[in-house]
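Asks: here is a sequence with its predicted model. Questions after.
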Amino acid sequence: MATKTYILSIDQGTTSTRAMVFDHSGSVVSVDQIEHEQIFPRAGWVEHDPIEIWNNTREVIGGALGKANLNSKNIEAVGITNQRETAVVWEKATGKPVYNAIVWQDTRTQKIVDELAGDEGPDRYKAVCGLPLATYFSGPKVKWILDNVDGAREKAEAGELLFGNTDTWLLWNLTGGAENDGVHVTDVTNASRTMLMNLADLTWDESIASDMGIPVSMLPEIRSCSEVYGECKPGVLNGTPIAGILGDQQAATFGQACLEKGTAKNTYGTGNFMLLNTGTEQVPSENGLLTTTCYKLGDEPTVYALEGSIAVTGSLVQWVRDNLGMISSAAEIEESAKKVDDNGGAYFVPAFSGLFAPHWRSDARGALVGLTRFVNRHHIARAVLESTAFQTREVLDAMNADSGVPLTELRVDGGMVVNETLMQFQADILGVDVVRPKVAETTALGAAYAAGLAVGYWENTDDITENWGEDKRWSPQMDEDERERLYRNWKKAVAKTLDWVDDDVD
């Protein structure tokens, strides 16, 4: 292997797109990042402009290469990681989206989900796809587009439309798009988030697709997470193979070297996502978790995971900044929270788009409870941070119950792990050690590893394990009685958010 070669990773996230260049040790060489617009046409609706995302992707690739003074000759392969469940439908002949991307947080498909559930309830397809019927997943979003965009259903049935999560949208464009016969492929991790894939044999389930009115011709080919899908066509990466795709949370699990059965990580991003590697066995959840694919390397057996998905964590800090104006930057939330010793009795449940794991209650809405005259803005800042830790505790309890093996430590990554006040409180409320790795941006790193393994840049997964290094560890310091008192109050707060949405409340 030449010494001056690197892997480029595209991380297409919920709020931004970035490109990161990694070296053989898994260290970041350069990064470029651009935020994209969050479009809210109505309460509960969240959209992105796929063309803006594609343009930003091209720009950050050039930016990351430029900052490191590299060109396509220095890049061995490209990996893609992405916000999952965000659905794009576009015209095959023109590459033009028929509608904005409908984002994973969007709740407009609730009526579709209720109709599909019918008398059989939300677990109608769970035995096949591992998921409960919920607005979270891509399938019902595609049905909404076909039902509501003029001419879309006719075009879809004529084989003229393509669907993909943002990984597929970027791959298709990077490999030539409409002009150069772009590659229409997704990986097993993204496919497992559509509600349309059979988890056991990794194929599209035609009966579920039929129930949702989605022509199978729209769906991308399902491939492993680590293989060459195609080459970049005209552009700065011309001729470079694209060789890795992992949905963002699976990518973070891979980047965190959670490669052994029973290891787990928690990513603190727009939302929070905890994944537990369950090995080559699917573990059905009895406690509100999702059964999902963890990764599949080439022809090797599929590795599965249990996942706890929390809708609103980092985006609550963003909301406090942008909607309330309480802080001018995300970092200020910690400074404010540190000015008080506790939450003053205040609890903030950010059920802005309902509650995800382990509750799955789309009728919930956000609430700030326990207020007295004593509570000030610093207590509220602390309650904002603590809500992330409390929601994580709910998911960890569910994981321990499902797996039967209590976790002894939790590996953490994502933007919020720089917040040491939050990390200490997280350890306190969980009662287990919380461990931050040296490279906290493990999502992009995981996609880089998948791509690098496919082209022989890394020899095998032992290289990934060797690259992982511990940066900081937080151990619990709170006594058991206080931990359980706080958690009991949190559960009371959650109960106050339920049954909020009636037919006359959007």
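Replies: Yes, it's here.
Asks: max-length helix in this structure?
Replies: helix 377-403 (DSSP state H).
Asks: flag every buried residue along whatever helix or strand comes next after it.
Replies: The helix or strand immediately downstream of helix 377-403 is strand 409-413, counting by DSSP states H and E. Across strand 409-413, burial judged by 16 or more other C-beta atoms under 10 Å covers 410-413. Any C-beta I mention is one placed from the backbone N, CA and C, and that applies to glycine too.
Asks: using a markdown table, lay out those together with distance to residue 435 and pLDDT.
Replies: Putting those into a markdown table (distance: C-beta to C-beta, whole Å; pLDDT from 0 to 100) gives the following:
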| residue | distance to residue 435 | pLDDT |
| --- | --- | --- |
| 410 | 7 | 92 |
| 411 | 5 | 93 |
| 412 | 7 | 94 |
| 413 | 10 | 90 |
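Asks: nearest to residue 222, of those?
Replies: residue 413 (26.7 Å; C-beta to C-beta).
Asks: identify the bridge partners of the closest one.
Replies: With DSSP bridges as the criterion, residue 413 is bridged to residue 267.
Asks: that one and residue 397: what is the separation?
Replies: 21 Å (C-beta to C-beta, to the nearest Å).
Asks: got phi/psi on residue 358?
Replies: Backbone dihedrals for residue 358, given as degrees, to the nearest 10, come out at phi -90, psi 10.
Asks: quick check: closest non-adjacent residue to it.
Replies: Of all residues not flanking residue 358 in the chain, residue 288 sits nearest, at 2.9 Å (C-beta to C-beta, 6 or more residues apart in numbering).
Asks: the one you found is in what secondary structure piece?
Replies: Using DSSP H and E, residue 288 sits within no helix or strand.
Asks: that one contacts residue 355, doesn't it?
Replies: No. The pair residue 288 / residue 355 is not scored as a contact, 9.7 Å apart, by C-beta atoms under 8 Å.
Asks: of those two, give the one with the bigger neighbour count.
Replies: residue 355 (26 against 20; other C-beta atoms under 10 Å).
Asks: I'd say the more buried one and residue 496 touch.
Replies: No. At 11.9 Å, residue 355 does not count as touching residue 496 under the criterion of C-beta under 8 Å.
Asks: who are the contact partners of the residue nearest to residue 358?
Replies: The neighbours of residue 288, taking C-beta atoms under 8 Å, 6 or more residues apart in numbering as the test, are 308, 357-360, 398.
Asks: put together a markdown table for the residues you listed, with neighbour count on each row.
Replies: Conversion of the contacts of residue 288 to a markdown table gives the following (neighbours: other C-beta atoms under 10 Å):
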| residue | neighbour count |
| --- | --- |
| 308 | 28 |
| 357 | 27 |
| 358 | 20 |
| 359 | 17 |
| 360 | 17 |
| 398 | 21 |
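Asks: out of those residues, which is nearest to residue 257?
Replies: residue 308 (19.8 Å).
Asks: could you look up the SS state of that closest one?
Replies: Look at residue 308: counting by DSSP: H, G, I helix; E, B strand; the rest coil, its state is strand.
Asks: perfect, that will be all.
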